[in-house]
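> could you work out the structure for the sequence below:
(chains A and B)
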Amino acid sequence: MPTDQIQYKNHPGSLLQSEPNKLRVEDLRSEEMIINLGPQHPSTHGVIRLEVLMDGEIVREVVPHIGYLHRCFEKHAENLPFNQIIPFVDRLDYVAAMNCEHVYAMGVERMLGITDQIPKRVEYARVLMAELNRIASHFIAIGTYGMDIGAFTPFFWIMRDREHILRLLEWASGARLLYNYMWIGGLFYDLPVGFEEKCAEFIRYIKPKLKELESILIDNKIFINRTANVGVLPLDLAINCGVTGPMLRASGLRFDLRKVDAYSIYPELDFNIPIGEGRVGSVGDCWDRTWVRMQEIHESVKMVEQCLQKLTGDHKRTRDFDPQALVPKKIRPKAQDFYIRGETPKGELGFFFRTDGRNDIPFRCKGRSCSFVNLSVLPEIAKGVLIADLIAIIGTIDVVMGEVDR
Amino acid sequence: MLTFDDLLVFVQKHCSHGEAVADVNATPKAVKLPAADLLNVCHALHQDPSTYFDSLSCVTGIDNGPEAGTMEVAYNLYSIPFGYHLMLKVAVPREKPEVDSVTGIWKAANWHEREVFDMFGIVVKGHPDLRRILMPADWEGHPLRKDYKQQEYYRNIKVEY
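Below you'll find the model as predicted:
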């Protein structure tokens, strides 16, 4: 109801009452101080607040405060039918919505037991979209990271190239970022006529651009000096903290759910899993994490090419193909607990479902988001670094706050 | 290569406070065990060279509602070298929900357990830093409980939209 009264009156203590500091001023030694970074700060990649205990330039302790972008995904999911949850899933990792949808749709399909009936063309189209979106997401990660530490030009180049991907995805689904394209049992629409050709054209366009990007940013001497040996994440710590995705691989473990779980049509595709080798510093430093993302873009480009080949060859467009043919009218899985996981650009995205078999809505739906877990390693690796390096480390974790806070 | 039945026997061997039973309907297959044995079992699963569950994927709180009178916490474990999946489930009474923290075994549990506390009010005993994580510190109630009623006003802002 509209009201002319003042609804909210700020007073100085508000922030500290709703989100009090963990560190106490009384416990500080004489040369230490608490610096508050965020919640609104360009280098925090969204609304995250860091409480940093500083000793001069040295970071002694970091306490992340999250929840500023909490949109009650799990509460909403308990009140919505399975198919209506998909738009909410998009809004988890909003720069890689296709990947989130892919995992979610796959999970519900497995619960229903219709996984092996999904037409190959649908699966190839899904993987095509997911890999295009993975490229776009890694572009954001690399571009904004460059900007964080002072390289401005690559960001514009990347934004220009990413826009081509977003246009393609928009053409297919009607939306730039939040697609609702992959439905349970199929797709919203088949690929638009001419999509395959345009996509192949994009691949031809992007390949030299990737070389340019590598030479201006990844192999740049200033960039290497800035990121090598910074924020080293040892492998045992990474595994113990549940870190997944490019961060885990940069620490030297060849672990990719696309290979390990071999879901969808990934076993039919030929791709490598790049891991951190410590080429310019030590394994698991900031440069390795960026380099692994760059290599993954190359692998994704390879996968897109293979998908396009299949989509114009073995599984080409036919007049009578209906991508919604298998979409179930009633989505009612039998009573069970179910955990599904898949590889998104940030790492392992998992969904935990509990269904009671009497309802079209899940009894419980939890999103295990990769950024949430990856971010929790920050206090471990940021101890003893310089404050400028803290910014460099946050960038390579590649957090998307929508996914952290859900 | 251990099968699920081997893992079940392994878990049963480390349970001293009650029976551990299998839930084969779950994916991955689950073991329900008494809350008092959780820490012991997790420690054994993590340390034993034949199981070596080195990664904790997910911790999920579930409220079964006031009629059932229980809440559950589900742990999804994964063993990277062997590729084993296992789900552990513990049930706790709704009046006094308490589980032991596994943060000492897997650091990954830290934020997950804070989230379970935040959303369900399940007290995680032995947690190094048990604060609310997603909701503001002065929020009333635990939102994912089935009988949750949101507060009418938060700092003079009407909560109902």
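> so which residue is smack in the middle of chain B?
Centre of chain B computed as the mean C-alpha position; nearest residue by C-alpha atoms, centre = their mean is B:Val73, 3.1 Å away.
> quick check, that residue in a strand?
Yes - B:Val73 sits within a strand when classified using DSSP: H, G, I helix; E, B strand; the rest coil.
> so who does residue 129 touch?
Picked chain A for this. Listed by C-beta atoms under 8 Å, 6 or more residues apart in numbering or on different chains, the contact set of A:Met129 reads A:98, A:102, A:169, A:172, A:179, A:181-182. Using the backbone N, CA and C atoms, a C-beta is placed for each residue, glycine as well.
> actually, chain B is the one I wanted.
Under the criterion of C-beta under 8 Å, 6+ apart, the neighbours of B:Asp129 are A:22, B:110, B:114.
> and the helix or strand hosting the second one, what does it pack onto?
By that I understand B:Asn110. B:Asn110 belongs to helix B:109-120 when assigned by DSSP states H and E. Taking 3 or more C-beta pairs under 8 Å, 6 or more residues apart in numbering or on different chains; DSSP states H and E as the contact definition, the neighbouring helices and strands of helix B:109-120 are helix A:370-375, strand B:55-63, strand B:123-125.
> farthest pair in the contacts of A:Met129?
Spatial extent of the contacts of A:Met129 (C-beta to C-beta) is set by the pair A:His102 and A:Ala172 at 13.9 Å.
> higher neighbour count, those two?
Neighbours of A:His102 and A:Ala172, each counted by other C-beta atoms under 10 Å in any protein chain shown, are more numerous for A:His102; the result is 26 against 23.
> quick check: that one touching A:Glu343?
No - applying C-beta atoms under 8 Å as the test, A:His102 and A:Glu343 come out as separate, 9.5 Å apart.
> now do the closest residue to chain B within the stretch 51-200 of chain A, the pLDDT please.
Nearest residue of the stretch 51-200 of chain A to chain B: A:Gly67, at 4.1 Å (C-beta to the nearest C-beta). For A:Gly67, the pLDDT comes out at 87.
> return the residues in contact with it.
With contacts taken as C-beta under 8 Å, 6+ apart, A:Gly67 has the following neighbours: A:19, A:405, B:132-136.
> out of the residues you listed, list just those in helices.
Among the contacts of A:Gly67, DSSP state H puts A:Asp405 in helices.
> which of the contacts of A:Gly67 tops the neighbour count?
Neighbour counts for the contacts of A:Gly67, by other C-beta under 10 Å, peak at B:Ile133, which reaches 26 neighbours.
> and that one, how far from A:Val404?
Remark: distance between B:Ile133 and A:Val404 (C-beta to C-beta, to the nearest Å) = 10 Å.
> joint contacts of those two?
Jointly contacting B:Ile133 and A:Val404 under the rule C-beta under 8 Å, 6+ apart are A:Ile66.
> what does the helix or strand of chain A with the lowest mean pLDDT rub up against?
Among the secondary structure pieces of chain A, namely its helices and strands, helix A:14-18 has the lowest mean (mean pLDDT, DSSP states H and E), a mean of 75. Residues outside helix A:14-18 that contact it (C-beta under 8 Å, 6+ apart) are B:136-138, B:155.
> if we use 10 Å, what do you get?
Applying C-beta atoms under 10 Å, 6 or more residues apart in numbering or on different chains, the contact partners of helix A:14-18 are A:8, A:11, A:21, A:36, A:39, A:49, A:65, A:67, B:132, B:135-139, B:154-155.
> and A:Thr396, helix, strand or coil?
Secondary structure of A:Thr396, reduced to three states by three-state DSSP: helix.
> residue in chain B nearest to chain A?
Closest approach of chain B to chain A (C-beta to the nearest C-beta) occurs at B:Ala108, with a separation of 2.9 Å.
> what's the burial count for that residue?
A total of 24 residues lie near B:Ala108 under the criterion other C-beta under 10 Å.
> about what we covered before: doesn't B:Phe120 make contact with the residue nearest to the centre of chain B?
Yes - using C-beta atoms under 10 Å as the test, B:Val73 is close enough to B:Phe120 to be in contact (8.4 Å).
> which neighbours do these two share?
Shared contacts of B:Val73 and B:Phe120, defined by C-beta under 10 Å, 6+ apart, are found at B:60-62, B:92, B:97.
> residue ranges in the chain under the pLDDT threshold?
The chain I'm using is chain A. When residues are selected by pLDDT under 70, those of chain A lie in A:1-3, A:7, A:43-44.
> can you look at chain B instead?
Low-confidence segments of chain B, defined by pLDDT under 70: B:161.
> can you pull out the strands in it?
With DSSP state E as the definition, chain B shows strands at residue ranges B:21-23, B:30-32, B:55-63, B:70-79, B:84-93, B:98-100, B:123-125, B:153-154, B:157-158.
> report the angle between the fourth one and strand B:84-93.
In other words, strand B:70-79. For strand B:70-79 against strand B:84-93, the angle by axes from the mean of the first three to the mean of the last three C-alpha atoms, to 10 degrees is 160 degrees.
> ok, and does strand B:70-79 reach over to chain A?
Yes - against chain A, strand B:70-79 shows contacts by C-beta under 10 Å from any C-beta of the partner chain at B:72, B:74, B:76, B:78.
> okay, now B:Ala30: neighbour count?
Summarising burial for B:Ala30: neighbours were counted as other C-beta under 10 Å, giving 25.
> ok, the residue nearest to B:Gly121 when sequence neighbours are not counted - contacts?
Excluding the flanking residues, the one nearest B:Gly121 by C-beta to C-beta, 6 or more residues apart in numbering or on different chains is B:His142, at 3.9 Å. Shown in contact with B:His142 (C-beta under 10 Å, 6+ apart): B:61, B:63, B:97, B:116-122, B:132, B:135, B:148.
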